[in-house]
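S.K.: fold the stuff below for me.
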Amino acid sequence: MRSTETDLQARLGYPFVRPSLLQQALTHRSFAADHNERLEFLGDAVLDCALSTALMQRLPDATEGDLSRIRAGLVRQSALHQLALDLGIPPLVRLGTGLERSGGRDQPALLADTFEALIGAVHLDGGFAAAQAVVERLFEPQLRSSDLATSGRDAKTTLQELLQQHRQPPPDYALVSTAGPDHQQVFTVMCRVPAHDLAGMGSGPSRRAAEQAAAAVVHLELVEKLGLT
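M.R.: As a prediction, the model looks like this:
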C-alpha cells in the first residue's frame, strides 16, 4: 500500500498545523521553485542541536570531543537515509521528471536531505520543543543503546586502534571495483591486514562507505583470531 502524508505524520508522531510545510519538505528543487533546500539547512542545525542536548543529558561524563564524535555517527548520511526509509519517505518525495526517471527517488543523499528538511519543517510548524521531541523519538533506539558512548567510533578507527594496541601497522585499503550509473554507483573495497593474513571486502555508495564496511568485516575476523570475543 502506498504511503501517504498522513501515514508519514503518524510515523513522525507529529501532526502538522500547516501541511504546506510538510509538502515543501518533500519537494525537491527539480520539481518546483518552492523546494526544500532552506528547510534542509534549518533541519540540519535543529537536528544537531536536538541530538547535542540529548547526548549531554545521557552522557554527563563525555568530553566535547566524544560528544561531537558520537553525534557525527548519529547524523551520518547512511543513518539518515535509513530513517527516511523507515518513515516511508521515498514514494512521497516530489521530483522533476528527469530526476524521477534517473532513479533520484532511491538516492541516499537525496533522502537524507529530505529527512533533514522534515525536521526543519517540524521546527517551523511547532517550534524547537516539537522538533526535539520528534528527533528523540526517532533516535530513541540509538540513544538508549548501551553502546552509545562508542557508537560514533567508525569501523576504520576501531580496527586501526586494535592494530596499534598490538603494535601492528595500519591496514591497507584498495578499490576493487566501481559499478552502476553515475547517480547510483556502488564501490567495492578490499581491506587487508598482512600481519595477520586477513582480508575482507565491503561495498557502499561511496569509497569511504565501502572502506568502512570492509574494515568492519576485518575487525570481526581479527577480534576472533586474537581471541578477544
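
S.K.: next, name the residue at the spatial heart of the chain.
M.R.: Centroid-nearest residue in the chain: Ala79, 2.2 Å away (criterion: C-alpha atoms, centre = their mean).

S.K.: the helix or strand where that residue lies: what's the following helix or strand?
M.R.: Element membership for Ala79 (DSSP states H and E) is helix 77-86. Moving toward the C-terminus from helix 77-86, the first helix or strand encountered (DSSP H and E) is helix 97-101.

S.K.: in that next one, what's buried?
M.R.: Leu99 (16 or more other C-beta atoms under 10 Å). To be clear about C-beta, it is placed using only N, CA and C from the backbone, and glycine gets the same treatment.

S.K.: can you list the weak-confidence ranges in the protein?
M.R.: Within the chain, the segments meeting pLDDT under 70 span 1-2, 146-147, 149-153, 228-229.

S.K.: just give me the longest helix of it.
M.R.: helix 37-58 (DSSP state H).

S.K.: tell me what that helix is packed against?
M.R.: Here helix 37-58 touches helix 19-25, helix 64-74, helix 108-126, helix 128-138, helix 140-143, going by 3 or more C-beta pairs under 8 Å, 6 or more residues apart in numbering; DSSP states H and E.

S.K.: out of those helices, which is closest to Asp172?
M.R.: Across the helices and strands packed on helix 37-58, Asp172 has its closest neighbour in helix 64-74 (24.3 Å, C-beta to C-beta).

S.K.: so what's the gap between the closest one and the chain middle?
M.R.: 13 Å (C-alpha atoms, centre = their mean, to the nearest Å).
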